[in-house]
Structure formats: C-alpha cells, structure tokens
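S.K.: Mind folding the following:
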Amino acid sequence: MKRIALALSLTAALAASVAIAGDVKLPGGVKVDPRSGAVAATPGAKGEKADEAACSIVVPAGVTVVKGQQVLINNDVKALVCPGAQVTVTANNATLYIAGEADVSVAGNSAKVYAHGAGRLAVAGNNASVYTDKLALTVVSGEGSKLLQCQRVALDTGAVQSGC
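M.R.: Prediction:
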C-alpha cells in the first residue's frame, strides 16, 4: 500500500510539473496540454508517431491480470492492467498492456507499455517504449526512452483466461 501511495504521489508530482510548464512542444509533434490532460516525454526521452502496425498487440496467455491495487516487483513481469486498477511496477524488462483508464507507475529499464484509454501513466527508466492512443497524463523519462503516439492501441486479450 505504501508503494502505491508513493507511486500515486510521484504521478501527481509529475502532473503538477507538466501543468506548470503549460503548453510545451516536444520532438515529433507531441504536445503537452494540461487543460485536457497531457502527453509528455521529458529530457532524455523522445516523442514520436508510432508505426500503426506496432499499435495492434496480441496479449499472450499467462500474463498477470491486475484488477485492483497491486505492486509488481519481478523482473520480466508481463501484466494486463484492467480499467480502474492502480499498479506500481518496479522491475526491469516489464511489459504492460493497459486496457483502459488506470493509474500506473513503472520504474525500471527496458519497459514496454501499450496503453489504450485515458489514465495516468508515469514511466521512469532507460530504454522504455510507451505506445499510447489517448490524451492522458503520460510522462516518460529516461535515456533512450520513447513515447510513441498511436491512432489507436488495439489489445487482443482473447488468449488471456481471466481477462478484465
């Protein structure tokens, strides 16, 4: 519970720093708009348009399904995050599939995040790739990290036994 509260505090602090910045233009045409939500890549990370083929994902069977509050600390974790969930991930090589509005905080290198729907997402770590399709509070930081804007992130969860 303390980790989740800390993650939500971090997310709120990142939101405040983005809101203070006002309208900011980022590489690749990604723009921060604190009035309607924000999509931001911080120094060290870069924002760009995604290859639309990379925005359609089949979620593999055997992923952890997160429906409430949860802390994930295992490296190489793969999780389907359901709408309304609050998740803190402290792991390298994490892969998250966010299926709707959720509060997610990720700390660790080489994360891959596919986020469909508005919500709050903070990713701190090097070489992360974040695919997102909605204007939401999304902050990505770390050297070599990318915020990739999709027209739509399509998650096929048919292989997941107990999906959202």
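S.K.: For the helix or strand containing T88, which strands pair with it and how are they oriented?
M.R.: Under the assignment given by DSSP states H and E, the secondary-structure element containing T88 is strand 86-90. Strands flanking strand 86-90 in the sheet, each with its direction: strand 69-72 (parallel), strand 103-107 (parallel) (DSSP bridges).
S.K.: send the alpha carbons of the longest one over as PDB?
M.R.: When you say that, I think you mean strand 103-107. What follows is strand 103-107, C-alpha atoms only, in PDB (Å, rounded to 0.1, in the frame of the first residue of the first chain):
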ATOM      1  CA  ASP A 103      -3.200   4.600 -12.600                       C
ATOM      2  CA  VAL A 104       0.200   3.000 -13.500                       C
ATOM      3  CA  SER A 105       3.700   3.800 -12.300                       C
ATOM      4  CA  VAL A 106       6.700   2.000 -13.700                       C
ATOM      5  CA  ALA A 107      10.300   2.200 -12.500                       C
END
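S.K.: Go ahead and name everything in contact with that strand.
M.R.: For strand 103-107, the surrounding residues in contact (CB atoms under 8 Å, 6 or more residues apart in numbering) are 7-8, 10-11, 81, 85-90, 94, 96, 98, 113, 115, 119-125, 128. Every residue, glycine included, has its C-beta placed from N, CA and C.
S.K.: Tell me where this protein has helices.
M.R.: Across the chain, reading from the start of the chain, the helices by DSSP state H fall at 2-21.
S.K.: Contact partners for the residue most central in space within it?
M.R.: Centre of the chain computed as the mean C-alpha position; nearest residue by CA atoms, centre = their mean is L121, 4.4 Å away. For L121, the set of contacting residues under the criterion of CB under 8 Å, 6+ apart consists of 11, 98, 104-106, 113, 115, 130, 132, 136-139.
S.K.: Show the pLDDT at it.
M.R.: At L121 the predicted local distance difference test score is 93.
S.K.: Save the strands paired with strand 86-90 as TSV, and put in mean neighbour count and mean pLDDT too.
M.R.: Rendered in TSV, the data for the strands paired with strand 86-90 read as follows (neighbours: other CB atoms under 10 Å; pLDDT from 0 to 100):
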stretch	mean neighbour count	mean pLDDT
strand 69-72	18	96
strand 103-107	23	96
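S.K.: want to try TSV for those, with distance to E52 as columns?
M.R.: Compiled in TSV, these are given as follows (distance: least, CB to CB, whole Å):
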stretch	distance to E52
strand 69-72	29
strand 103-107	23
